[in-house]
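> The sequence and its predicted three-dimensional model are supplied below.
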Amino acid sequence: MELPGVLKQRRNQYALACLFLVVLLILWKPSVLIYGVQRAGLYAAIAIPMALVLGVVGILNIAHGDFMMIGAYLAYWGNVLYGVDPLVAMIPVFVVMFVVGAVTYKTTIKKVLDAPEFSQLLLTFGLAMILEQLANLLWTSQPRKLHVDYASTSATIGPYSFGVFEFANAAIALLILITLVLFLSRTRTGQAALAVGQNPRGARLVGIDVERSYLLLFSLSIAIVSAIGGLFLVRHSIFPLVGGSYTMRSFALIAMAGIGNLPGILYCSLALGVAESLIISFKGYGGWADIVFFAFILLVILIRSYRERLT
Amino acid sequence: MKLKYSTRVLTLILSMLMVAGCATTPAKPTEAPTATPTEAAPIKVGLIAALGDVSGINGQNGALLAEKEINAAGGVLGRPLKVIVVDDEMTPEKGAAAVDKLATVDNVDAFVINSFSGVHMAQIPALKKYGKVTIVTGAASHLCEEAIGEDADWYFHLHSWDYMQGEGQKAAWQAFAEKYPDIMFKSVFMAYEEGAFGTASYQFSQKLFEDIATLSGESFKSAAMGGGDYSAVLEHAKAENPDCFTWVGYAADALPILEQAKSINFAPKFFVGAPPGWPPDFGESPLAEGVIAYEVWADALTEVSDISKSFYDGYVEMFGSGPDNYLAPLVYSAIHILVEGMERAGTIETEALIAALEQTEYKAPTMEVITFSPSKIISHQAPLTPMLTQYQGGKLEVIYPWDRATSELIYPFPAWEGR
């Protein structure tokens, strides 16, 4: 039996398989889908800015999650001292941290752009240490958490009650992705940055200011991930080491999606978020979530590598 | 030779610093001052704590308050008391090096150790080497007790061992069952963090609760370890509909776990938390209302005890706000116990001091009368009774033991609506 024409394309086959899975989960365990999407939203929102800087500037920023931590603390103090809502605080945090990102780039990152990758890693690792210890000195290791009424807003469908705030993670991840894709494809500055990411030497030859593109994208990445700190603060406790694990997850997601593939991060986050939620929905299997996360990534990378070798 | 600009600037700054340093070096006194009791060589106590963590900061503050009070009252044995604090940086090797440094460089007369279990394990060989009187206010793991062994008569443990905490909690709930037989829980669901702390707590609880209630549980990844999503474990707990839900994790889990419980409308009759410390402003959240906590210290004790009030007022006067957790009064007590022992012994000689400390009957700010008796292995263990406390109206009230109670139990745990 021959497949209908529309199903001959591999992309459509994947879409159909996903649709089947979604329907299956809705009927069997709707909570898996709900919590999976919520988890995925946070993962993607944090990973996308890292992918931007890794894809274009070529720097793996080990301090990525720590910048989110700093942003979360700024939003926290904005609320405690001036009563600013953490979601509103995302805007001033974005502006302030854009400047911090620019200064960080000028004083440190720029110096190692042509250095071996190991030196770049060491530099950003050092930055991470500095940010963590600075936060520890300034605000101690005591976890801090804001209480905002909307953090525990819930909805009830049939027998299920679930939190709805965390869908904001997915919405913001989507917003960041669309904005960045439009910026990179529709604006001259964005197109220039994309060209720099693909071929810096060629971009320089045709008159693009490579240095300016690097500065802009690095600062933008820091500003976005720091602003996400305000969103993170609504549902999580913050402390100096809170960002570290998100750096690792973000990098793993980028490796899975492929460097430079921003939309791919959203799909991979969804796949991983739902897979994790599915595992932990069985009582006693909570400890398997991390194993599933990294095993899934390993599997995808191996399959991709195998397929590339075949072609 | 032409120096680089940066090298020249650096040389100039160094030269200026050297000149400034020489200019401010005080002249040596030509005549030794006459010694008075307070100017005599101090008795030195070495405190090791994790100063990067709020527990260590609180411990340090407690020690400094005790030092201030003791010196204001004339010191110890006619000599001033000096507390030398060393940060263990929460790493075993630094913790062990701190013992060596205090013993050999500072030549302290006794130790007070406020380190975590993992760090303390590494300190034990060094402590055994020096054999100085040591009061330990941290380290709850029974593995530390096994490592110390039964021969260390210089070792005084003020903090409860992990198995004692479970026994204390069981005793508290049994007392509750006698007083409130109609409202006592029959089933418990324990959500515990997946690390050694949570797992050990669950294992001990399985034995302890077997004749009180049915216990089931599940692990979760604490926010402190990179987790923070409790949705699955809360869903499982809700499905079992237990009378009592207990979570064992860290301060970072405290509010998020409540928010997520509210999100799924999970409100069991008892909502109990057992972290080592709570976030400083936890009580200010309306979600905290009705949460039960195991505690050794609560600010509310100042309402029923003059000793607690005196400690609290002194602490606020010195540091601007009250203690964040029980380690402040515990280390404060350790320093006072040590000094009272020295006064009783009339010397700081080890054997006499051990004998004097064995006579300790110290009324602590925690309202405990601290004495030392043998535990499973060591010979000097203080029995600390865990209090059952409950957040009520933004404040942590004591509901058990009855003689320290500052309020009655709110039962059942209030519904989420309107919070």
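Received it, and whenever you're ready, just let me know what you need. Numbers count the residues shown, from 1 in each chain, chains lettered A, B, ... in the order given.
> Every contact and neighbour count from this point should use C-alpha atoms.
Fine.
> What segments of chain B are strands?
Counting by DSSP state E, one finds strands in chain B at the ranges B:43-49, B:81-87, B:110-113, B:133-136, B:155-157, B:187-193, B:214-220, B:244-248, B:270-273, B:292-295, B:362-363, B:369-370, B:387-392, B:395-400.
> any idea of the angle the last one forms with strand B:387-392?
Here the directions of strand B:395-400 and strand B:387-392 differ by 140 degrees (axes from the mean of the first three to the mean of the last three Cα atoms, to 10 degrees).
> if you average pLDDT over strand B:395-400, what comes out?
Here strand B:395-400 scores 94 as its mean pLDDT.
> cool, the fifth one as well?
For strand B:155-157, mean pLDDT rounds to 98.
> what's next to it, contact-wise?
B:133-137, B:372, B:378-382 (Cα atoms under 8 Å, 6 or more residues apart in numbering or on different chains).
> Those residues of chain B touching chain A, which are they?
For chain B, the residues in contact with chain A (Cα under 8 Å from any Cα of the partner chain) are B:52-54, B:194, B:218-221, B:223-224, B:226, B:228, B:231-233, B:236, B:251-253, B:255-256, B:259-260, B:262-265, B:279-280, B:285.
> Pick the most buried one from the strands of chain B.
Comparing the strands of chain B by mean neighbour count (mean count of other Cα atoms under 10 Å in any protein chain shown), strand B:110-113 ranks first with a mean of 27.
> could you measure the closest residue to B:Ser216 other than its chain neighbours against chain A, distance?
Of all residues not flanking B:Ser216 in the chain, B:Phe189 sits nearest, at 5.0 Å (Cα to Cα, 6 or more residues apart in numbering or on different chains). Note on B:Phe189: its distance to chain A, by Cα to the nearest Cα, to the nearest Å, is 12 Å.
> contacting residues for B:Phe189?
Here B:Phe189 is in contact with B:215-217, B:237, B:240, B:242, B:244-246 (Cα under 8 Å, 6+ apart).
> And the residues you listed, which is closest to B:Leu388?
Of all the contacts of B:Phe189, the one with the least separation from B:Leu388 (Cα to Cα) is B:Thr246, at 13.0 Å.
> So what's the residue count around A:Arg186?
By the measure other Cα atoms under 10 Å in any protein chain shown, the count of residues near A:Arg186 is 11.
> what's the distance between it and chain B?
As for A:Arg186, its distance to chain B is 37 Å (criterion: Cα to the nearest Cα).
> which ones among the residues of chain B next to chain A are found in helices?
Counting by DSSP state H, these place B:54, B:231-233, B:236, B:255-256, B:259-260, B:262-263 in helices.
> that older thread, just put the strands of chain B in a markdown table and tack on distance to B:Ser407.
Below are the strands of chain B laid out as a markdown table (distance: least, Cα to Cα, whole Å):
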| stretch | distance to B:Ser407 |
| --- | --- |
| strand B:43-49 | 34 |
| strand B:81-87 | 37 |
| strand B:110-113 | 34 |
| strand B:133-136 | 32 |
| strand B:155-157 | 31 |
| strand B:187-193 | 24 |
| strand B:214-220 | 28 |
| strand B:244-248 | 20 |
| strand B:270-273 | 16 |
| strand B:292-295 | 12 |
| strand B:362-363 | 22 |
| strand B:369-370 | 22 |
| strand B:387-392 | 9 |
| strand B:395-400 | 6 |
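> The residue sitting nearest the centre point of chain A: what secondary structure?
When Cα atoms, centre = their mean is applied to chain A, the residue found nearest the centroid is A:Ala47 (1.8 Å). The local conformation at A:Ala47, judged by DSSP: H, G, I helix; E, B strand; the rest coil, is helix.
> what's near enough to touch it?
By Cα under 8 Å, 6+ apart, the contact list for A:Ala47 reads A:247, A:249-251, A:253-254, A:265.
> was I right about A:Phe296 contacting A:Val274?
No - counting by Cα atoms under 8 Å, A:Phe296 does not reach A:Val274; the two are 11.6 Å apart.
> Give me the more crowded residue out of those two.
Taking neighbours as other Cα under 10 Å, A:Phe296 and A:Val274 compare with A:Val274 leading, 24 against 18.
> Wait, that one touches A:Val37, no?
Yes - with contact defined as Cα under 8 Å, A:Val274 reaches A:Val37; the gap is 6.6 Å.
> show me what contacts B:Asp253?
A:237, B:222-224, B:228.
> can you give me the strands for chain A?
Along chain A, counting by DSSP E, strands occupy A:154-157, A:160-163.
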